[in-house]
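Peer 1: What follows is a predicted protein model with its sequence.
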Amino acid sequence: MRYAILLMGAPYSHQASHSALRFARALVARGHRLEAVFFYHDGVHNASRLAAPPQDEPHLVDAWTALSREHEVSLQVCIAAALRRGLLDEREAARHGKEGSSVAAPFELTGLGQLIDLGTRCDRLVTFGP
Amino acid sequence: MRYAILLMGAPYSHQASHSALRFARALVARGHRLEAVFFYHDGVHNASRLAAPPQDEPHLVDAWTALSREHEVSLQVCIAAALRRGLLDEREAARHGKEGSSVAAPFELTGLGQLIDLGTRCDRLVTFGP
Amino acid sequence: MLLHVVNRSPANSRVFEQALSGMGPDDVLLLIEDGVQGALPQLVRYFAPIEGRLFALKEDLEARGLLGRCAESVQVVDVDGFVTLTEEAERTVSWY
Amino acid sequence: MLLHVVNRSPANSRVFEQALSGMGPDDVLLLIEDGVQGALPQLVRYFAPIEGRLFALKEDLEARGLLGRCAESVQVVDVDGFVTLTEEAERTVSWY
Amino acid sequence: MHEHDDTLRDLLVILRHAPHGSSWLKEGLDAALVAAAFGQSVSLLFMGEGVTALMPGQGPGPLGQKGTAATLEMLEMYDIETLLVDAQALSALGFSSDELMLDVTPVSAEAIPEALSAHRLVLTF
Amino acid sequence: MHEHDDTLRDLLVILRHAPHGSSWLKEGLDAALVAAAFGQSVSLLFMGEGVTALMPGQGPGPLGQKGTAATLEMLEMYDIETLLVDAQALSALGFSSDELMLDVTPVSAEAIPEALSAHRLVLTF
């Protein structure tokens, strides 16, 4: 089946990100296709390339990146939720006159329409909240 | 009296930041001294210089900066809570091999010891949680 | 006397129970943010054990269209009154 | 059949009430994260209306030292079982 | 494959949070508006504290922010007309449906599962 | 000025969250450890779901992260020996204090306000 995940919990504050990653790994291992993870509400912080967790804790950004690379999972970040929370790619940083950016590939800033589209295209959408 | 505020809610997700700012303004207007605001848990996101809220919404980073300047309020961000959440100043960015930084003056990364010190030195500590 | 602050509604959360169990006989409780719902006549019964010692923040009631709907037993204070409560209380404990 | 997922403990939160009120007669409920506390014999009574349709996630029970302590009426599934439940259910609704 | 049962509506957005206290209500409404703008049939279900979103006479937040009342008034423009309200939550707060700022349909506890089953996608906020 | 009543202990940290589900427990414990390292007299009070922090036999989290059980075992090294547990929360979960991983003092509902009054600073997590 084709799955999508909606993640709304902040990493390092709630278990939501851990649960979503564990679920994602399990579903691809069972032969399903994970089309995308959509990050909304505080879930957008999962996309921060600046996160520097202690060495003995899981590095969530790296874990998402590996998942995306290994299984061609698109990582879509709600742009409206992201901008107000300080998650910018280079284009948005330039547009808002900020130096530097906090979101890097494979995460991509996108609109809420993508979430609706995923909900329509995929067989299953599973939400992980904080 | 000498006050300190402990803020643990994320901006743009919970009212905690708004409540804390309103309370801060009211207490200095009544002649009290606000020594510091300490940002912990998701409250550290209040220090993000990259936040780009829509024009018709309050800009919380600017509001904290103005409060700090007008009333000499120290803005202290728990470094351990900040690093894992992607809030870095230039020194920490260099130390962790990240390009760019997300925390700028007047916010300063500091240890939890500062919170304990504020709790001891100030007459009142008021917490705003999410 | 301690000031306790609750920012969640008793309709959704059990945090108010923790606040109540932490309150001594002279302590007072202030409802702020979504917590101001607790000042509604239908919900104020959860705070029966501290009748006369329950406050709600005026600005947060107003923003939610609830200012005229509080139970009579609730004392409405504005943010200056909030500051006064923190002055009077030896310390403030927040339940969120 | 819908799958409902709850990640908060009935000891602190009233979210489980919302989940229960959203459940049809064939729907099932999976407890994950802090929600697995609801599988304890003292708390499982909150889920009496859906007896036989209550699941709890094994890995989250284990991490909390609760695996051997579940009520007998609760069906323990691992994360593969979680995926299976989402396959079987027409859709999944999360309550957090 | 996804079942395309024509008797199903597209999206149910469940709103369980009060205005001003958090961004949940606003972010849930945004999702509903976007889906409607894409031509989907969208229903809203207000549950728990979410019913307070419908109180008349709401004002701006502590720093002057708008809140969500203005967004609710735009729902009709987006053809979002199915507004369900958990009758039990409403009476728990002491409100009646005719004093709310919009025309809503109170639903009994038994009808809530039906609402969930009648939509292809359910999002909770 | 701050009253420096010598009968007061310095800090009470109230822990109200379960392990693994969020960072609240860890961040509360970190505050307690830092205060103790600064020479302050620190007490902990486990309330609500926070009492599950004391369950024996906890394991790592979903991605292998440590959890908080190891931190709790270090409390004694930091001279944090006053561990209070809300007796009512404990019995609501069906646990007895003697099956917990540390020696704790169950406190009745009436004694909790006393604990709050007996400390110069109270932090809730």
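Peer 2: Alright, I've got the coordinates.

Peer 1: Can you tell me the SS state at the residue lying closest to C:L29 once chain neighbours are set aside?
Peer 2: Nearest residue to C:L29, sequence neighbours excluded (CB to CB, 6 or more residues apart in numbering or on different chains): C:H4, at 4.6 Å. Any C-beta I mention is one placed from the backbone N, CA and C, and that applies to glycine too. Under the three-state scheme (DSSP: H, G, I helix; E, B strand; the rest coil), C:H4 adopts strand.

Peer 1: Could you check the pLDDT of C:H4?
Peer 2: Looking at C:H4, its pLDDT reads 98.

Peer 1: Report the contact partners of it.
Peer 2: Contacts for C:H4 (CB atoms under 8 Å, 6 or more residues apart in numbering or on different chains) come out as C:19, C:22-23, C:27-30, C:92-95.

Peer 1: Pull out the buried positions in the longest helix along chain A.
Peer 2: Identified as the longest helix of chain A according to DSSP state H is helix A:16-29. Buried positions in helix A:16-29, judged by neighbour count with 16 or more other CB atoms under 10 Å in any protein chain shown: A:16-28.

Peer 1: quick one, helices of the chain?
Peer 2: Picked chain A for this. A:16-29, A:60-71, A:79-84, A:90-95, A:112-121.

Peer 1: Let me rephrase: I mean chain E.
Peer 2: Ranges of helices within chain E are E:24-37, E:69-73, E:87-92, E:111-117, based on DSSP H.

Peer 1: for chain C, same thing?
Peer 2: Using DSSP H, helices in chain C cover C:15-21, C:58-63, C:79-88.

Peer 1: For the first one, give me every contacting residue.
Peer 2: By CB under 8 Å, 6+ apart, the surrounding residues in contact with helix C:15-21 are C:4, C:6, C:8, C:10, C:29, C:35, C:38, C:46-47, C:49-50, C:93, C:95-96, D:12, F:16, F:47-48, F:86, F:88, F:109, F:112.

Peer 1: follow-up on the earlier one: okay if I get the helices of chain C as JSON lines plus mean pLDDT and mean neighbour count?
Peer 2: Shown next, in JSON lines, are the helices of chain C (pLDDT from 0 to 100; neighbours: other CB atoms under 10 Å in any protein chain shown):
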{"stretch": "helix C:15-21", "mean pLDDT": "96", "mean neighbour count": "21"}
{"stretch": "helix C:58-63", "mean pLDDT": "98", "mean neighbour count": "23"}
{"stretch": "helix C:79-88", "mean pLDDT": "98", "mean neighbour count": "18"}
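
Peer 1: Save these as JSON lines, and put in distance to F:P56 too.
Peer 2: Below are the helices of chain C laid out as JSON lines (distance: least, CB to CB, whole Å):
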{"stretch": "helix C:15-21", "distance to F:P56": "24"}
{"stretch": "helix C:58-63", "distance to F:P56": "43"}
{"stretch": "helix C:79-88", "distance to F:P56": "41"}
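
Peer 1: quick one, which of those is nearest to F:T68?
Peer 2: Judged by CB to CB, the one of these that comes nearest to F:T68 is helix C:15-21, at 19.7 Å.

Peer 1: roughly how far apart are the most centrally placed residue in chain E and C:G65?
Peer 2: Nearest residue to the geometric centre of chain E (CA atoms, centre = their mean): E:L44, 3.4 Å. In this view, E:L44 and C:G65 are 18 Å apart by CB to CB, to the nearest Å.

Peer 1: Kindly report the same for C:Y96.
Peer 2: 23 Å.

Peer 1: and the residue of chain E found nearest chain F, what does it touch?
Peer 2: Using CB to the nearest CB, E:S22 is the residue of chain E that sits closest to chain F, at 15.8 Å. E:S22 makes contacts with B:13-15, B:130, C:34, as judged by CB under 8 Å, 6+ apart.

Peer 1: and it, what are its bridge partners?
Peer 2: E:S22 forms beta bridges with B:H14, as assigned by DSSP bridges.

Peer 1: Which residue of chain A lies farthest from its centroid?
Peer 2: Largest centre distance within chain A, by CA atoms, centre = their mean: A:G97, 24.5 Å.

Peer 1: so what pLDDT did the residue most central in space within chain A get?
Peer 2: Nearest to the mean C-alpha position of chain A, counting by CA atoms, centre = their mean, stands A:F39 at 4.4 Å. Per-residue pLDDT puts A:F39 at 98.

Peer 1: returning to that earlier point: now, among the contacts of E:S22, which is nearest to D:Q75?
Peer 2: B:P130 (33.4 Å).

Peer 1: which one is the closest one nearest to, not counting chain neighbours?
Peer 2: Ranked by CB to CB, 6+ apart and with sequence neighbours excluded, the top spatial neighbour of B:P130 is B:G9, at 3.6 Å.

Peer 1: Do I have it right that that neighbour meets B:H18?
Peer 2: No: B:G9 is beyond contact range of B:H18, at 9.1 Å (criterion: CB atoms under 8 Å).

Peer 1: gap between the residue of chain C found nearest chain F and F:I112?
Peer 2: In chain C, the residue that lies nearest chain F is C:G24 (3.6 Å; CB to the nearest CB). Using CB to CB, C:G24 is found at 9 Å from F:I112.

Peer 1: Looking at those two, which is more packed in?
Peer 2: F:I112 (23 against 14; other CB atoms under 10 Å in any protein chain shown).

Peer 1: F:L45 is in contact with the more buried one, correct?
Peer 2: Yes: if you go by CB under 8 Å, F:I112 and F:L45 touch, sitting 7.3 Å apart.

Peer 1: Take the contacts of helix C:15-21 and keep only those in strands.
Peer 2: Within these, residues falling in strands by DSSP state E are C:4, C:6, C:29, C:93, C:95, F:86.

Peer 1: any idea how far chain C is from the closest residue to A:S74 other than its chain neighbours?
Peer 2: In space, and not counting its chain neighbours, A:S74 is closest to A:A36: 4.0 Å by CB to CB, 6+ apart. Distance of A:A36 to chain C, computed by CB to the nearest CB, to the nearest Å: 31 Å.

Peer 1: What of E:S91?
Peer 2: Taken as CB to the nearest CB, the span from E:S91 to chain C is 8 Å.

Peer 1: low-scoring pLDDT stretches of chain E, where are they?
Peer 2: E:1-5 (pLDDT under 70).

Peer 1: Kindly recompute the last result at 80.
Peer 2: For chain E, applying pLDDT under 80 flags the ranges E:1-6.

Peer 1: Which residues of it lie near chain B?
Peer 2: Applying CB under 8 Å from any CB of the partner chain, we find that chain E lies next to chain B at E:20-23, E:61-66.

Peer 1: Mind doing that once more with 6 Å?
Peer 2: Contact residues, chain E versus chain B (CB under 6 Å from any CB of the partner chain): E:20-23, E:62-63, E:65.

Peer 1: Closest one to B:A66 out of these, please.
Peer 2: B:A66 lies nearest to E:L63 out of the residues of chain E next to chain B, by CB to CB, at 11.7 Å.

Peer 1: I figured the closest one was touching B:L60, is that so?
Peer 2: No: with contact defined as CB atoms under 6 Å, E:L63 does not reach B:L60; the gap is 8.0 Å.

Peer 1: more crowded one of those two?
Peer 2: Between E:L63 and B:L60, counting by other CB under 10 Å, B:L60 is the more crowded of the two (22 against 17).

Peer 1: Next, count neighbours for the residue lying closest to A:V28 once chain neighbours are set aside.
Peer 2: Distance criterion CB to CB, 6+ apart; nearest residue to A:V28, sequence neighbours excluded, is A:H71 at 5.0 Å. Using other CB under 10 Å, A:H71 has 15 neighbouring residues.

Peer 1: per-residue pLDDT, A:H71?
Peer 2: A:H71 is assigned a pLDDT of 98 by the prediction.

Peer 1: ok, now how distant is it from A:H32?
Peer 2: Distance check for A:H71 against A:H32: by CB to CB, it reads 10 Å.

Peer 1: Overlap of the contact sets of the two?
Peer 2: Counting by CB atoms under 6 Å, 6 or more residues apart in numbering or on different chains, A:H71 and A:H32 have no common neighbour.
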